[in-house]
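> Quick one, fold the following:
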Amino acid sequence: MKKTFTKVFSAVLVSATMLAGLTAEAQQTTLASANTDKKADAKADSTITTTTTVKPAAKQDPAAWVPTRRLWGYAFGDLYFNQHTDGANRGPETQYNGTPGNRNAFQFRRLYLGYDYDINQKFSAEVLLASEPNANTGVNGTTNIQNGDNLVDGKMAFWIKNFNIRVREIWKGTDLVVGEMSTPGFALNTGNSNAPTSLSEATWGYRFIEKTITDFHKNNSYDVGAALQGTFDPSTKNFGYVFMVGNNSQSNLLAASNPSTGFYKIFYGDLWGKFLDKKLYVDIYADYVQTGAGTATLGETAHNMEKIFVAYNTKPLTVGAEVYTQMFKNGVTSAAHGTQNANALGLSFWAKGNINAQWGWFGRYDNYNPYTNFDSAVPTYTANTTYGNYSPLYKEQFVTAGLDFQPAPKIHFSPNIWLVQFKDQRAATTTGHVPDGHDLVYRATFYYTFGK
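The predicted structure is shown next:
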């Protein structure tokens, strides 16, 4: 059934793209004909005597289409001081995992370089290069970190994060996007389109401080595939949807190390709405992917997420809440219970506001439980999922708070604290139990944007 659906969906996308291309070609032909007629009219007008009254030129439509040719980018990083490190080195998904205590350094955490290009009124292209390097966590710099975006010699590297083509208005209020693109999990980067602008990352507004909770725990932020991004009310754009099919590979090539890629597709769905004069945002999201066909000892593996995000926006204060549950089918195995489904639960609450024209503030609290039906008496669980850095053993609480100084538009300097606390779900008397621990980092963060 899944294979049949994928084939049908692919055929529809190809047909829609061809139809859009023919429409664009027809529009261009009409425009060329109109231009030829204008030149002929101008030549005829040159023979008119001075006594002839010439009609004034029509005013240009203020809503006339203007093509986008935009080179843009942004960067953020910190001067950080790692005041305390978890003794058990937990939290492999965090930025400071393994960083020695009392380490301090200047560090870029993200550099973006993008280019947006309108081919014509129907088609546009997006290119985005990214570098998101990890800190060198070797003691005294003697060990180089070569994962993430660090080269063998320790230099930062750019890689392709987005590269796609957009077909605008394949029907009124809906765009088709094909290629590598942002998913509707929490962020979409494209403006001047039918994509939503009210997802959790854009509303939180402090990605330069930290990812949203679903991004923090490795939900796909981008993928290679095809998507429909649409609005139910094109004139006001208060309600809309995104439906996407992807490889579940992000920017990686298909590889045997990830058994899902090339065999199973991930399905993303999102419904969003703006209420109360666009002060209240509501976003409902779900995804599903099969990751393995199963063996004699392990059944089929899969994971799916359901999430709701709500935010209320006022001029002095914005508050938001994000809640999600994620099921890993046959996700864990233990000697006591065999193979079981694992259910993760994440909660995030945040608030932000303005002190004056240049100063703002923010605060956030996350609570994450990777395995809600954990048996505290079981000492060892084996994770069966390919989901990045998943461990059923440790609960996490995350806190960040700080100030935001904007001396000019699109420039931020932000003193802040960053704290993750880890708690072992096993009973204290259970073999292998690890005492509570935490990572605490003090940071002076900078962030600037150019070109958009």
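> where along the protein do the helices fall?
2-45, 200-204, 213-216 (DSSP state H).
> quick one: which of the ones you listed has the weakest pLDDT on average?
Among the helices of the chain, helix 2-45 has the lowest mean pLDDT, at a mean of 42.
> what residue ranges in the stretch 151-300 of the chain score low on pLDDT?
Judged by pLDDT under 70, the stretch 151-300 of the chain has its weakly predicted residues at 189, 191, 250-262.
> ok, now with 50
Applying pLDDT under 50 to the stretch 151-300 of the chain flags the ranges 256-257.
> Count the residues that sit near Pro316.
Per other C-beta atoms under 10 Å, the neighbour tally for Pro316 reads 7. Bear in mind the C-beta positions are built from the backbone N, C-alpha and C, glycine included.
> what's the spacing between the closest residue to it other than its chain neighbours and Thr183?
Residue nearest to Pro316 in three dimensions, not counting chain neighbours: Gly353, with 5.5 Å by C-beta to C-beta, 6 or more residues apart in numbering. Using C-beta to C-beta, to the nearest Å, we find Gly353 at a distance of 29 Å from Thr183.
> Arg69 now?
From Arg69 to Thr183 the distance is 26 Å (C-beta to C-beta).
> still on that earlier bit, for Gly353 and Thr183, work out which one has more neighbours and name it.
Using other C-beta under 10 Å as the criterion, Gly353 and Thr183 rank with Thr183 on top: 24 against 15.
> Please list all residues in contact with that one.
220-223, 244, 246, 268, 287 (C-beta atoms under 8 Å, 6 or more residues apart in numbering).
> Using JSON lines, please lay out these together with distance to Arg168 and neighbour count.
JSON lines is the format used below for the contacts of Thr183 (distance: C-beta to C-beta, whole Å; neighbours: other C-beta atoms under 10 Å):
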{"residue": "Asn220", "distance to Arg168": "24", "neighbour count": "24"}
{"residue": "Ser221", "distance to Arg168": "23", "neighbour count": "19"}
{"residue": "Tyr222", "distance to Arg168": "20", "neighbour count": "21"}
{"residue": "Asp223", "distance to Arg168": "21", "neighbour count": "23"}
{"residue": "Met244", "distance to Arg168": "17", "neighbour count": "24"}
{"residue": "Gly246", "distance to Arg168": "21", "neighbour count": "23"}
{"residue": "Tyr268", "distance to Arg168": "20", "neighbour count": "24"}
{"residue": "Asp287", "distance to Arg168": "25", "neighbour count": "24"}
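> Which of those fall in strands?
If you go by DSSP state E, the contacts of Thr183 have 222-223, 244, 246, 268, 287 in strands.
> Report the separation between Asn343 and Asn248.
20 Å.
> So if I had to pick from those two, which one is more boxed in?
Comparing Asn343 with Asn248 by other C-beta under 10 Å, the one with more neighbours is Asn248, at 26 against 16.
> Report the spatially nearest residue to the more buried one, omitting neighbours in sequence.
Counting by C-beta to C-beta, 6+ apart, Ile266 is the residue found nearest to Asn248 once chain neighbours are left out, at 4.0 Å.
> now Phe450
According to C-beta to C-beta, 6+ apart, the nearest residue to Phe450 is Gly73 (5.8 Å).
> domain ranges for this structure?
1-33, 68-450 (automatic domain parsing).
> what residues are up against Thr68?
116-118, 124, 192.
> hmm, 10 Å instead?
115-118, 124, 191-192, 452 (C-beta atoms under 10 Å, 6 or more residues apart in numbering).
> Ala401 now?
With C-beta under 10 Å, 6+ apart, Ala401 has these contacts: 209, 350-351, 361-365, 415-419.
> how about a cut-off of 8 Å?
Ala401 neighbours (C-beta under 8 Å, 6+ apart): 361-364, 416-417.
> now the residues you listed in a markdown table, with neighbour count and distance to Val310?
Compiled in a markdown table, those are given as follows (neighbours: other C-beta atoms under 10 Å; distance: C-beta to C-beta, whole Å):
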| residue | neighbour count | distance to Val310 |
| --- | --- | --- |
| Trp361 | 16 | 21 |
| Phe362 | 20 | 17 |
| Gly363 | 15 | 17 |
| Arg364 | 21 | 15 |
| Asn416 | 23 | 24 |
| Ile417 | 14 | 26 |
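> out of the residues you listed, what pair is the most spread apart?
Trp361 and Ile417 (12.6 Å; C-beta to C-beta).
> before we move on, back to that, show me what the residue nearest to Pro316 is bridged to.
Listed beta-bridge partners, Gly353: Leu317, Trp361 (assigned using DSSP bridges).
> which residues touch it?
So Gly353 contacts 316-318, 360-362 (C-beta under 8 Å, 6+ apart).
> And it, how close does it get to Ala187?
Taking C-beta to C-beta, one finds Gly353 at 22 Å from Ala187.
> wait, isn't Gln162 in contact with Tyr222?
Residue 162: Asn, not Gln. Yes. With contact defined as C-beta atoms under 8 Å, Asn162 counts as touching Tyr222 (6.3 Å).
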